[in-house]
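Colleague: got a sequence here, can you model it:
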Amino acid sequence: MAQQQQNISITSPGYFGLNLEDSPVDLPQEFCTVADNAVIDSLGRLAAREGFKAFTPTSLPSAEYDVQSLGRIVDGSTVRYIAGVDVGGTPEIWELTNLNLSAPTRTVLALPGGYSLTTANIQIVDFAGRGIIIVPGAEMLVLSGGTLALASAQAGWLPPTDAGGTAIHTTFSPECATSAYGRLWVSGVEGDEETIYYSDVLNPAYWLDLKAAPTYATNTAGALNVSENWPIGKDRIVGMAAHNSAFVVFGRSSILVWGNPQGDPAATNGIFLADTIENIGLVNRDAITSDGKDILFMDDTGLRSLGRTIQEKSAPIGDLTRTVRSAISSDSRKARVQGGVELVFSPKHSFVLIIMRTAGVVWVADTRTRLQDGSFRMTRWPSTEVSSALYVEANEQLLLGLDTADVALAEYEEYLDYNTTYVFSYASPIMSFGDSTRLKIVKQVDYSILAGAGDAEATAKVDYFGFRNRELSKTVSIEGGQGTEQFNSGAEFAEGYEFGTGAQVLRSYRYNAGSSGENVRISFNVPVSGNSCSLVGINVQTKIGRIV
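Modeller: All right, here's what the predicted structure looks like:
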């Protein structure tokens, strides 16, 4: 005999983001098990992401584009936006201008004579009024006055030199670099992944000089060899960063923290090894960003906070993507096979994009409010072509580099992907209503949705799961619009209502679910076509039946 009908209200469904790690049965209803093409909006609701508006110069020829790097540098007094782009198999370095206009322009920067660019996966570093371009496997480039030149072509060039006056390396070809404390720090020169060279102050032309009579008496450039500093055997340098008056060296599986990097590092009481962290490292060069308060980076298990990692030295405590650890680790492994992982923070949207370049997915970490365990609220953008990103502060603009034909760049805005729709999807945890042994007879499901006033065809769904592997589902189509009469059409729906006018309207959709099962999951899918959409609430009316 069925019991009295129960109402289960889910307020702000999914606003804790995805949870794919804990058992999906009877998770807190604030979590969700699907959050595709979604973000957490400024009011804490699960909402559809904005779209990708084509932002490509009209002069581009038809080709397969793969934008692998985006960066900003200050060249003298001129701000320049630089991109590393693979154009149909040929890597190029672009300068992008007119980013605040509907018709941006690009200039392919001429390479130095005889120089061969073998990859578009470059690193773009802003240093001392110049742009530093790190090209893996090739000589470092310097962008000055809008012109690219070899590092060795700089006036007064002094490469790392031994005591006999001989250059230590044939080619100055670092793999990674950072600008910190007035110096350029590089590593990986000719494959030496355990030595860091730091330049003279504000001068990328002067490097380590071990001669008894130095070429430049005031040169304070030098080197750090970290081969004996790794806490667990041998490691290799993957990236570097400045943090809280420290210089941080990221190995592949460990981290070194150097104190007092200011001034002359080689002076008495200069730079020193302050701390080491083992079993936590950086997956690749570009998997690091700053949210203005902390350095965030990806290791093999997910997203981490540098400050918290240094403080706690604990793998579980520092894990900011605990709720999606297995899925994000799997995507990271796939991405690292070719393109790698890139992190980009957008202060306008208060999220960090975790771009899996070859896995076709972007994970999104909301930075406004953390969960109780300190981790971020996570959503996912599947099947995307995003390969790089750059936040343009001057225009409050999030620029997306793409891996696609004909369209090289996009801007994150509006609610269309290159004038086509995309699907915003939500699924609740599996609900047993407190008793997984009894049959659930769902009578009615009410969705409260805040959306634009335009039409949309959405799909509401109820899945039933049982211990006898029984699964039943019911799918209904609903149509939104500017008049309430559209919500009452069709036999599947009871009375509908709407509140609000203008760009966003709160609407309620109701339907009779029918059927039964021991456990229930509620889902919602809507094609986004020019209108915002966020979930405000879900109400489930059910009866509890016999023991099964």
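
Colleague: tell me where the stretch 101-250 of the chain has helices.
Modeller: In the stretch 101-250 of the chain, no helices are defined using DSSP state H, counting those that start in this stretch.

Colleague: that one: strands as residue ranges?
Modeller: Assigned by DSSP state E, counting those that start in this stretch, the strands in the stretch 101-250 of the chain fall at 105-108, 123-127, 130-134, 141-144, 147-150, 176-180, 183-189, 192-198, 222-225, 237-243, 246-251.

Colleague: make CSV from the ones you listed and add mean neighbour count to it.
Modeller: Using the backbone N, CA and C atoms, a C-beta is placed for each residue, glycine as well. CSV is the format used below for the strands of the stretch 101-250 of the chain (neighbours: other Cβ atoms under 10 Å):
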stretch, mean neighbour count
strand 105-108, 14
strand 123-127, 21
strand 130-134, 24
strand 141-144, 20
strand 147-150, 16
strand 176-180, 23
strand 183-189, 25
strand 192-198, 22
strand 222-225, 18
strand 237-243, 21
strand 246-251, 26
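
Colleague: can I get the ones you listed in TSV including mean pLDDT and distance to Gly88?
Modeller: Converted to TSV, those look like this (pLDDT from 0 to 100; distance: least, Cβ to Cβ, whole Å):
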stretch	mean pLDDT	distance to Gly88
strand 105-108	94	13
strand 123-127	98	22
strand 130-134	98	21
strand 141-144	98	22
strand 147-150	98	21
strand 176-180	98	27
strand 183-189	98	28
strand 192-198	98	32
strand 222-225	98	40
strand 237-243	96	30
strand 246-251	96	34
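
Colleague: low-confidence stretches in the stretch 251-400 of the chain?
Modeller: 308-317 (pLDDT under 70).

Colleague: and for the closest residue to Thr11 other than its chain neighbours, the neighbour number?
Modeller: Nearest in space to Thr11, with sequence neighbours left out and distances taken as Cβ to Cβ, 6 or more residues apart in numbering, is Gly537 at 5.3 Å. Using other Cβ atoms under 10 Å, Gly537 has 17 other residues around it.

Colleague: helix, strand or coil for Gly537?
Modeller: Three-state call for Gly537 (DSSP: H, G, I helix; E, B strand; the rest coil): strand.

Colleague: ok, Leu60 to Asn98 distance?
Modeller: Per Cβ to Cβ, to the nearest Å, Leu60 is found 14 Å from Asn98.

Colleague: the two: which is more packed in?
Modeller: Leu60 (16 against 11).

Colleague: verify the stated contact: that one with Arg106.
Modeller: Yes - shown here, Leu60 and Arg106 form a contact pair, counting by Cβ atoms under 8 Å, at 7.3 Å.

Colleague: ok, Val34 to Ser329 distance?
Modeller: Applying Cβ to Cβ, one obtains 19 Å for the distance of Val34 from Ser329.

Colleague: backbone phi and psi for the residue lying closest to Asn419 once chain neighbours are set aside, please?
Modeller: Residue nearest to Asn419 in three dimensions, not counting chain neighbours: Ala54, with 7.9 Å by Cβ to Cβ, 6+ apart. Main-chain torsions, Ala54, degrees, to the nearest 10: phi -50, psi 130.

Colleague: wait, what's in contact with Ala54?
Modeller: Residues counted as contacts of Ala54 (Cβ atoms under 8 Å, 6 or more residues apart in numbering) are 407, 409-410, 418-419.

Colleague: contact partners of the lengthiest helix in the chain?
Modeller: Ranked by residue count and defined by DSSP state H, the top helix of the chain is helix 325-336. Applying Cβ under 8 Å, 6+ apart, the contact partners of helix 325-336 are 20-21, 283-284, 298, 300-303, 319, 321, 341, 354, 356-359, 361, 363, 378.

Colleague: just the buried ones from those?
Modeller: Listed as buried from the contacts of helix 325-336 are 20, 283-284, 298, 300-303, 319, 321, 341, 354, 356-359, 361, 363, 378; burial here means 16 or more other Cβ atoms under 10 Å.

Colleague: what secondary structure does the closest residue to Val362 other than its chain neighbours sit in?
Modeller: Excluding its sequence neighbours, the residue lying closest to Val362 (Cβ to Cβ, 6+ apart) is Trp381, at 4.2 Å. At Trp381 the chain is in strand, as set by three-state DSSP.

Colleague: thought Arg49 was touching Trp381, still the case?
Modeller: Yes - at 6.3 Å, Trp381 counts as touching Arg49 under the criterion of Cβ under 8 Å.

Colleague: shared neighbours of these two, anything?
Modeller: 37, 364.

Colleague: buried ones in stretch 428-435?
Modeller: Those would be 428-433, for stretch 428-435 by 16+ other Cβ under 10 Å.

Colleague: which one of Trp381 and Arg49 is surrounded by more residues?
Modeller: Shown here are Trp381 and Arg49; by other Cβ under 10 Å, Arg49 has more neighbours (25 against 22).

Colleague: what sits against the more buried one?
Modeller: With Cβ under 8 Å, 6+ apart, Arg49 has these contacts: 37-39, 364, 379, 381, 424.

Colleague: now swap in Asp294 and tell me
Modeller: Asp294 makes contact with 243, 305-308, according to Cβ under 8 Å, 6+ apart.

Colleague: got a markdown table for the contacts of Ala54, with secondary structure too?
Modeller: As requested, these are exported to a markdown table (three-state DSSP):
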| residue | secondary structure |
| --- | --- |
| Val407 | coil |
| Leu409 | strand |
| Ala410 | strand |
| Tyr418 | coil |
| Asn419 | coil |
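
Colleague: show me just the buried residues among these.
Modeller: Here, 16+ other Cβ under 10 Å leaves 409-410, 418 buried among the contacts of Ala54.

Colleague: what comes up buried for stretch 55-62?
Modeller: Neighbour-count burial for stretch 55-62, counted by 16+ other Cβ under 10 Å, picks out 55-57, 60.

Colleague: and for stretch 99-114?
Modeller: Buried-residue list, stretch 99-114, by 16+ other Cβ under 10 Å: 99, 104, 106, 109, 111.

Colleague: mind listing what Lys440 touches?
Modeller: Lys440 neighbours (Cβ under 8 Å, 6+ apart): 431-433, 464, 516-520, 542-545.

Colleague: from those residues, keep the buried residues only.
Modeller: Buried among the contacts of Lys440 by 16+ other Cβ under 10 Å: 431-433, 464, 516-520, 542-544.

Colleague: narrow those residues to those in strands?
Modeller: Using DSSP state E to define strands, the subset of the buried ones among the contacts of Lys440 located there is 464, 519-520, 542-544.

Colleague: and those residues, which two are furthest apart?
Modeller: Greatest spatial distance in those: Asn519 and Lys543, 14.8 Å, computed using Cβ to Cβ.

Colleague: can you add secondary structure and distance to Leu143 and give the contacts of Asp294 back as a markdown table?
Modeller: Shown next, in a markdown table, are the contacts of Asp294 (DSSP: H, G, I helix; E, B strand; the rest coil; distance: Cβ to Cβ, whole Å):
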| residue | secondary structure | distance to Leu143 |
| --- | --- | --- |
| His243 | strand | 26 |
| Ser305 | strand | 32 |
| Leu306 | helix | 29 |
| Gly307 | helix | 32 |
| Arg308 | helix | 35 |
